[in-house]
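Asker: here's my sequence, what's the structure:
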Amino acid sequence: MSLRDRRVQYETAGLDRDDLDADPIVQWHAWYDQAASAGVAEPNAMTVSTISQDGAPDSRVVLARAVDARGFVFYTNFDSVKSTQLLLSPTASAVFAWLDLHRQVRVRGTVQRIADKESDEYFASRPRESQIGAWASPQSQVIADRSVIETRIAEFRSKFDGQDVPRPPYWGGWCLSPHTIEYWQGRPSRLHDRLVYVLDKNSARWQMQRLAP
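Answerer: Below you'll find the predicted structure:
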C-alpha cells in the first residue's frame, strides 16, 4: 500500500470538556495510566523539540521520568545537543503519541534544570550499566566507531569496580514547565477533538479552550 493511500479510520467516542479534569497534569496521569494499561509501548516516551542556534527546530524522543505540578522531567547529558540548545533558548515543546488509543498530548513551555539532589536520586535508581553508560558516552560528539564507546565502557567499569557509580557532573535533569497542554482525541473523518489548557499568567489558573480539528 502506498503512503498516499494508507489511512486509519478513528472510531472513538470523542472528547468533551466534562471528560477532562480541571488540572491538566491530573488529566495527563489519567491518560498515561490508560495507555500503560492498554499495553502501549513506552507510554512515557515524548518527542521533545528544541531550537537550534540557527533558529531551526530539532526533535528527538526522550523518556519522561517525572510528571508533577512543576511539569515534565527528563534526563540527559548536559553537553548534548539538546542541552546546549536549551541553554541558548530555554523553551521547548513535547508530544506524547498514544496512537493505539488514537490520542496525543502536546506540551509547550519553558525549560530549566532541576536540582542536583533530584538528579542524584534518580541517577542512583538507574541500572548500573546505564550509570556506566552515562560516564562512557560523550553524547552527540562525533566518534570514529563503536569501539570508542566499548573501550570507554570497559574503562569506567574498571574505575568504579566494587563501588557505587556517582552521577557525572555533566548529566542530570531538565523540567519542561508548560504554559499550554493540548489533549487530542481521534474522531472519524479527521474531525478530531482538540481541547487545550492555557495557563493564565496573572491568575496562575488553567483555562480550557476547544480548537477546530
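Asker: drop to CA atoms for contacts and neighbour counts, all remaining ones
Answerer: Noted.
Asker: quick one: residue 108 from residue 117, how far?
Answerer: 26 Å (C-alpha to C-alpha, to the nearest Å).
Asker: quick one: distance of stretch 35-51 to the chain centre.
Answerer: Computed by C-alpha atoms, centre = their mean, to the nearest Å, the chain-centroid distance of stretch 35-51 equals 7 Å.
Asker: quick one: buried residues of it?
Answerer: In terms of neighbour count (16 or more other C-alpha atoms under 10 Å), stretch 35-51 has its buried residues at 35, 40, 43, 44, 45, 46, 47, 48, 49, 50, 51.
Asker: which of those residues fall in helices?
Answerer: Under the assignment DSSP state H, the buried residues of stretch 35-51 contribute residue 35 to helices.
Asker: out of the buried residues of stretch 35-51, list just those in strands.
Answerer: Members of those lying in strands (criterion: DSSP state E): 45, 46, 47, 48, 49, 50, 51.
Asker: measure the first one to residue 62 for me?
Answerer: In other words, residue 45. 6 Å.
Asker: follow-up on the earlier one: any chance of CSV for the buried residues of stretch 35-51, columns pLDDT and distance to residue 213?
Answerer: Putting these into CSV (pLDDT from 0 to 100; distance: C-alpha to C-alpha, whole Å) gives the following:
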residue, pLDDT, distance to residue 213
35, 98, 22
40, 97, 24
43, 98, 24
44, 98, 25
45, 98, 24
46, 98, 22
47, 98, 21
48, 98, 22
49, 98, 22
50, 98, 25
51, 98, 26
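Asker: can you add distance to residue 166 and give the buried residues of stretch 35-51 back as CSV?
Answerer: Supplementary listing: these in CSV, determined by distance: C-alpha to C-alpha, whole Å:
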residue, distance to residue 166
35, 34
40, 33
43, 28
44, 25
45, 26
46, 27
47, 28
48, 27
49, 29
50, 28
51, 31
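Asker: which one is the residue nearest to the spatial centre of the chain nearest to, not counting chain neighbours?
Answerer: Centroid-nearest residue in the chain, with C-alpha atoms, centre = their mean: residue 46, separated by 3.7 Å. Leaving aside its sequence neighbours, residue 46 sits nearest to residue 96 (C-alpha to C-alpha, 6 or more residues apart in numbering; 4.7 Å).
Asker: no more questions from me, cheers.
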